[in-house]
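In: below are the sequence and a predicted model for it; my questions follow.
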Amino acid sequence: MDDKKSLFKKIIIITFIIIIIITGLVLYSRYIATTGLIVKEYKITSEKLTDNFHGLKIVHLSDLHYGSTFDEKDLEKVVEKIKIIKPDIVVLTGDLFDTRFKLNDDQKQTIIKNLSKIDVTIGKYAIAGEQDTDEDWEKIIKESGFINLNNDYTSIYNSGSNYIFMAGISSNLNDDEKITKIDNYLNTLTDNNKPIYNILLLHEPDYITEIDYTKYDLVLAGHSHGGGIRLPFIGAIFLEEGAKKYHDEYYKLGNTDLYISSGLGTSNIDFRFLNKPSFNFYRLTNK
């Protein structure tokens, strides 16, 4: 009888400990792991880059999902970090907004105020994600000093006649014909006016398999959130549609470098684990 009581007591204690651990992990994933900020720095080397682009600094923001676990104070921290870096270029690869949250005018002005404080030597560029359905997205991007690169392209110069080509594709979850205009333009270029280096901004990284990515030296994407919750030796757990194949930080596809931001906010589930909010910082070099 005493042995049965002792066994029952041990089971109760073990069950209680398991409940405490699970509860702790849930609370940590919801309220601690979704806070803070990590800057992930990468060196990208290419012999194609000329000396006037050697050392070019690019900051890559993505998936703020403003109003989720990311708010005004978080945005202020991001802007302060970017000021320290003093980038030449800043790109935003979609999901500034989150369809779960209807932002009021004051919140939208807060976003504009903070994004406008980001100073660059060359330019700021943005594309829309599938969550950026708010009719004010384009207005906010413009008033924040960003160039709307949705399904469009631009030439980037830096103290020289040669240039980097940058194109952008907005969310492809509902439309996959957006690359045509960009492809047509690239096909018109001759050896005399070709760029030295090509960059493509995507929202969903899996879309890279639907295009001729060999035309691009560097592809920057978001959307994946790094899987949200990551486990040791397993990696990403929650894979978004459009980021099921490519969801980790980096992939080498032939001669093309694909970097994916794990994002700043949360989507669908407001949890993170072993995957702090972050933005990417790239240094482009020719040696």
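Out: Received it, and whenever you're ready, just let me know what you need.
In: CA only for contacts and neighbour counts going forward, please
Out: Will do.
In: distance between the ends of stretch 131-145?
Out: Using C-alpha to C-alpha, to the nearest Å, the end-to-end distance of stretch 131-145 comes out at 21 Å.
In: tell me what L200 is bridged to.
Out: A167, V219 (DSSP bridges).
In: and it, how far is that from Y216?
Out: Separation of L200 from Y216 (C-alpha to C-alpha) stands at 7 Å.
In: pretty sure Y207 sits in a helix.
Out: Yes. Y207: assigned to a helix according to DSSP: H, G, I helix; E, B strand; the rest coil.
In: where along this protein do the strands fall?
Out: 38-45, 56-61, 89-93, 123-127, 147-148, 152-157, 163-168, 197-201, 218-221, 230-231, 235-236, 250-253, 256-260, 278-285 (DSSP state E).
In: which helices and strands does the second one pack with?
Out: In this structure, strand 56-61 makes packing contacts with strand 89-93, strand 278-285, judged by 3 or more C-alpha pairs under 8 Å, 6 or more residues apart in numbering; DSSP states H and E.
In: that strand to strand 123-127, inter-axis angle?
Out: On the basis of axes from the mean of the first three to the mean of the last three C-alpha atoms, to 10 degrees, strand 56-61 is oriented at 40 degrees to strand 123-127.
In: strands paired with strand 56-61, and their directions?
Out: Paired with strand 56-61 in the same sheet, following DSSP bridges, are strand 89-93 (parallel), strand 278-285 (antiparallel).
In: quick one: it to chain centroid distance?
Out: With C-alpha atoms, centre = their mean, to the nearest Å as the basis, strand 56-61 stands 11 Å off its chain's centre.
In: where in this structure is pLDDT low?
Out: For the chain, applying pLDDT under 70 flags the ranges 1-2, 174-176.
In: residue boundaries of the helices in it?
Out: 2-27, 72-85, 105-115, 137-143, 180-188 (DSSP state H).
In: how about the shortest one: buried residues?
Out: By that I understand helix 137-143. Applying a neighbour-count criterion of 16 or more other C-alpha atoms under 10 Å, one finds 137-138, 140-142 buried in helix 137-143.
In: now do stretch 161-177
Out: For stretch 161-177, burial by neighbour count (16+ other C-alpha under 10 Å) applies to 162-172.
In: again, but for stretch 142-152
Out: Buried residues in stretch 142-152 (16+ other C-alpha under 10 Å): 142, 144-152.
In: related to what we said a few turns ago, which one of the buried residues of helix 137-143 is nearest Q109?
Out: Checking the buried residues of helix 137-143 against Q109 by C-alpha to C-alpha gives I140 as the nearest, at 8.1 Å.
In: the closest one touches I112, doesn't it?
Out: Yes. With contact taken as C-alpha atoms under 8 Å, I140 and I112 are classed as touching, separated by 6.0 Å.
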